[in-house]
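Engineer: Below is the structure, and that's it, no one-letter string:
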């Protein structure tokens, strides 16, 4: 109960803020929520790997980018809508994830934490360079009619397609939670995440669980990538900022907290949209994430000093 | 006797480096200058890595030195030598102040925060148009030494030598043992009387000063600075790959690694204009998985096996 009492002032402050923004510029709120959906659907898969495998995957944004390119290629080759191409993309991403785990991550999990970090950094570079080799640096975009759907309420009109990201992030949250609490593999994964040694003593195949969880998270980021393609132009370095942003969200939410990622992306999405809403300030919105990450990490580090 | 012979190779290499422009034309000189730049950055990264801290912020302090020197030369009318020194100092001062924040962090959190710092510098300089010229950057009226390629080469070499000397000093002084003990076990380091925070702060400040110095010399040698080129993530990627390939925790490792990768990438750049950096990613992966000690480590192992 003490926990929820502590939250009350925050909820009030949040509500006041939301009403304030709504009175100032209603579209800011809409775009903020949409951004939050995008960020959360990219960060959630990363939260799964960092919560259970305890690694920070610095190739996360590149996996997003790779899946967007795969969807793009499939959509062009087969003439599919990207949302239909999503299904074969998931399959390809599952293979990519499994191979990545078996060839690289598995070995690095035994090594020191910093080696894992450098390794996934290298994987990220390799992925973005492979894409550069195949597709060059040229910007690519699919032109879809439905993404420009808009809606008008009173005097303000705004695009509504981006609400699919909100739906996606909520579905992902529910899906991951169901997976972790209802399925046998998910329960095993929680156990492995808490204590790999203990889990292996009670008969859980730790390696298999790690491989499955990593693959699932790559597939999930693949889904996010297909949706990402519907809205954004593609170029090889398009994914890299999302690695940082996802990590920021996870650091802020606390490692392994799934719903926390959702709330934090809401806060940061709206914060970015506010800065974007101020004239001539849109270039500064990126800084919100980086400042917040530095502040949260510093505060958390002070609270939980390990030494 | 052993001391005297151990000086022969470095002295020969320095002599070779100094005389290089007398035998080779402007193109090899430019290639060599680029390699020196990355070699120096690789060494500064390794100097901090010896304490077990992985910085992803090389590009940040490099770019900070770049911009500080260029802005001081352009707006405050500093002469180039003065601007270079000031650029390096500003980079060092920033690192000293920021060190109080980031050096409390360890492991992943430290690394990611340094990456975030580099991004913050870039965003600020790109958007503060009235101060920094915005995304188009700034152009200096002239290149140092009027662009004479030999002089540019020598100044690049001079910076590299400064970095090598500092790196060697770190390796031979008492600081070396403090750094190793921090890397191995912070608790025992602290109980043995190592002031962890202060040691790391010194190293972080010195390496950032040097990164700023490299950046400042680079900007007066090319004559322009743009946010996306000064804070290019390649300035983080390449030195890291070079140091890892050559062999971490030493002066020789990054030197060997950067010569190999520098020459290779110059060749590949001509062959494959898009995507030649793949080599760097693959090398990082392979080194971490199969050769964590780098080439130097392989060499040491062989030597050890012979002796044993």
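Structural biologist: Received, thanks. Computed from a predicted model, the values in this text were never measured in an experiment.

Engineer: Read off the pLDDT value for residue B:305.
Structural biologist: pLDDT recorded at residue B:305 is 67.

Engineer: can you pull the contacts of residue 276?
Structural biologist: Since you didn't name a chain, this refers to chain A. Shown in contact with residue A:276 (Cβ atoms under 8 Å, 6 or more residues apart in numbering or on different chains): A:28, A:31, A:282, A:285. C-beta here means a position set from N, CA and C on the backbone, and glycine is covered the same way.

Engineer: I was thinking of chain B, sorry if that wasn't clear
Structural biologist: Contacts of residue B:276 by Cβ under 8 Å, 6+ apart are A:129, B:265, B:268-269.

Engineer: ok, so what distance separates residue A:101 from chain B?
Structural biologist: Note on residue A:101: its distance to chain B, by Cβ to the nearest Cβ, to the nearest Å, is 13 Å.

Engineer: Need the phi and psi values for the closest residue to residue B:197 other than its chain neighbours.
Structural biologist: Using Cβ to Cβ, 6 or more residues apart in numbering or on different chains and skipping the chain neighbours, the partner closest in space to residue B:197 is residue B:103 (6.1 Å). In terms of degrees, to the nearest 10, the main-chain angles of residue B:103 are phi -80, psi 0.

Engineer: pretty sure residue B:103 contacts residue B:198?
Structural biologist: No. Residue B:103 is beyond contact range of residue B:198, at 9.5 Å (criterion: Cβ atoms under 8 Å).

Engineer: Give me the more crowded residue out of those two.
Structural biologist: residue B:103 (22 against 12; other Cβ atoms under 10 Å in any protein chain shown).

Engineer: what does the stretch 1-150 of chain B have sitting close to chain A?
Structural biologist: Applying Cβ under 8 Å from any Cβ of the partner chain, we find that the stretch 1-150 of chain B lies next to chain A at B:52, B:54, B:56, B:101-102, B:104-109, B:111-113, B:115-117, B:119-120, B:123-124, B:126-127.

Engineer: Identify the residues contacting residue 209.
Structural biologist: You didn't pick a chain, so chain A it is. Contact analysis of residue A:209 by Cβ under 8 Å, 6+ apart lists A:52, A:185, A:188-189, A:192, A:199.

Engineer: Please refer instead to chain B.
Structural biologist: For residue B:209, the contacting residues are B:88-89, B:91-92, B:95, by Cβ under 8 Å, 6+ apart.

Engineer: pretty sure residue A:300 contacts residue A:251?
Structural biologist: Yes. Residue A:300 lies in contact with residue A:251 (Cβ under 8 Å); the separation is 7.1 Å.

Engineer: who has more neighbours, these two?
Structural biologist: Counted by other Cβ under 10 Å, residue A:300 and residue A:251 do not tie: residue A:251 has more neighbours, with 23 against 15.

Engineer: Sticking with that one, tell me its helix or strand.
Structural biologist: Using DSSP states H and E, residue A:251 sits within helix A:240-253.

Engineer: same for that helix, what does it pack against?
Structural biologist: helix A:26-52, helix A:60-78, helix A:113-135, helix A:258-277, helix A:285-303, helix B:107-127 (3 or more Cβ pairs under 8 Å, 6 or more residues apart in numbering or on different chains; DSSP states H and E).

Engineer: now the ones you listed as JSON lines including mean pLDDT?
Structural biologist: Output for the helices and strands packed on helix A:240-253, formatted as JSON lines (pLDDT from 0 to 100):
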{"stretch": "helix A:26-52", "mean pLDDT": "90"}
{"stretch": "helix A:60-78", "mean pLDDT": "93"}
{"stretch": "helix A:113-135", "mean pLDDT": "91"}
{"stretch": "helix A:258-277", "mean pLDDT": "87"}
{"stretch": "helix A:285-303", "mean pLDDT": "77"}
{"stretch": "helix B:107-127", "mean pLDDT": "87"}
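
Engineer: Burial check on residue A:265, number of neighbours?
Structural biologist: By other Cβ under 10 Å, neighbour count at residue A:265 equals 29.

Engineer: how near is it to chain B?
Structural biologist: From residue A:265 over to chain B the distance is 17 Å, taken as Cβ to the nearest Cβ.

Engineer: low-confidence ranges in chain B?
Structural biologist: Scanning chain B for pLDDT under 70 picks out the ranges B:1-5, B:305-308.

Engineer: next helix or strand past the biggest helix by length in it?
Structural biologist: Identified as the longest helix of chain B according to DSSP state H is helix B:196-222. Remark: after helix B:196-222, the chain's next helix or strand is strand B:224-225, criterion DSSP H and E.
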